[in-house]
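**Q** my questions are about this predicted structure, shown below with the sequence.
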Amino acid sequence: MGRQSRRRAGRRLTDSVDVKPESSILAGEPLRVYRTLPARVIGWSMVVAAVVLTVLTVVDVAGGHQSRVLAPVALIAGVGAAAWVLFLRPAVTLYADGVHLTNVVTETTVPFAAVEEVTGRWALELRDVRGRTHSAWAVPVRRDMVRRRSIEDFAETTRRRGREGVTAQGVMDEVLRAMQRWRLDGGERPGEQAEVHRRPSWPALLVLVLALALAVGALVL
């Protein structure tokens, strides 16, 4: 009886993936949004620089110092648009019952019921029950300038992890804790019925195409 009810629940989850938008796949509350500090600094710096340079270019043209404004403005706007797509938009949102990956041009929703393994070798990576790996652009692995010694003890490694900021290792730990809480609260173990929902992000694709068109236009104007 219990096995049949779990199968029915799994079929309902699979059906919901096919007909419902991504926001309704995860019913749990959002716990945290992860973005690295360097990505935010670089992204906002590029956007602010693009705005400032655009204003300065318009002022120069208005003052008669130069006559062409379209080419530099197009190039600057393209750089600002690319900065949003590559640095500011990507994020990882942790929910009480799953993870949503906002990558450069894709959106991926991974319910905990579909997670087989969570790793952080190259980036935050979620391997589902079908053997597919879903990586997070926004949460890369931490790169050490100096190779760590193997004799470092667990306590020191744990203290350093807490100071590292948003890295694949730290976010992996938080995802595993949230998944453990979800299972203790009655969540099912990974099964073939659970589905991962992935789709292209059309706004990001349009902005990226616009940025490329502006850069090309700046070269030919």
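**A** Right, received. Where do you want to start?
**Q** C-alpha only now, for contacts and for neighbours.
**A** Fine.
**Q** would you map the strands across the chain?
**A** Remark: strands assigned in the chain by DSSP state E are 30-34, 91-95, 98-102, 106-111, 115-119, 123-128, 133-140, 197-200.
**Q** okay, the ones you listed in CSV with distance to V216, mean neighbour count and mean pLDDT next?
**A** Shown next, in CSV, are the strands of the chain (distance: least, C-alpha to C-alpha, whole Å; neighbours: other C-alpha atoms under 10 Å; pLDDT from 0 to 100):
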stretch, distance to V216, mean neighbour count, mean pLDDT
strand 30-34, 33, 14, 94
strand 91-95, 28, 21, 96
strand 98-102, 27, 24, 95
strand 106-111, 24, 21, 94
strand 115-119, 39, 19, 93
strand 123-128, 32, 22, 94
strand 133-140, 26, 21, 92
strand 197-200, 24, 14, 94
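**Q** for these, give me CSV that also has distance to V48.
**A** Listed next are these as CSV, based on distance: least, C-alpha to C-alpha, whole Å:
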stretch, distance to V48
strand 30-34, 22
strand 91-95, 20
strand 98-102, 23
strand 106-111, 25
strand 115-119, 35
strand 123-128, 28
strand 133-140, 21
strand 197-200, 28
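**Q** among those strands, which is nearest W182?
**A** Comparison of these against W182 by C-alpha to C-alpha identifies strand 98-102 as nearest, at 8.9 Å.
**Q** contacting residues for V139?
**A** By C-alpha atoms under 8 Å, 6 or more residues apart in numbering, V139 lies in contact with Y34, R35, T36, A91, V92, A123, L124, V166, T167, A168, V171.
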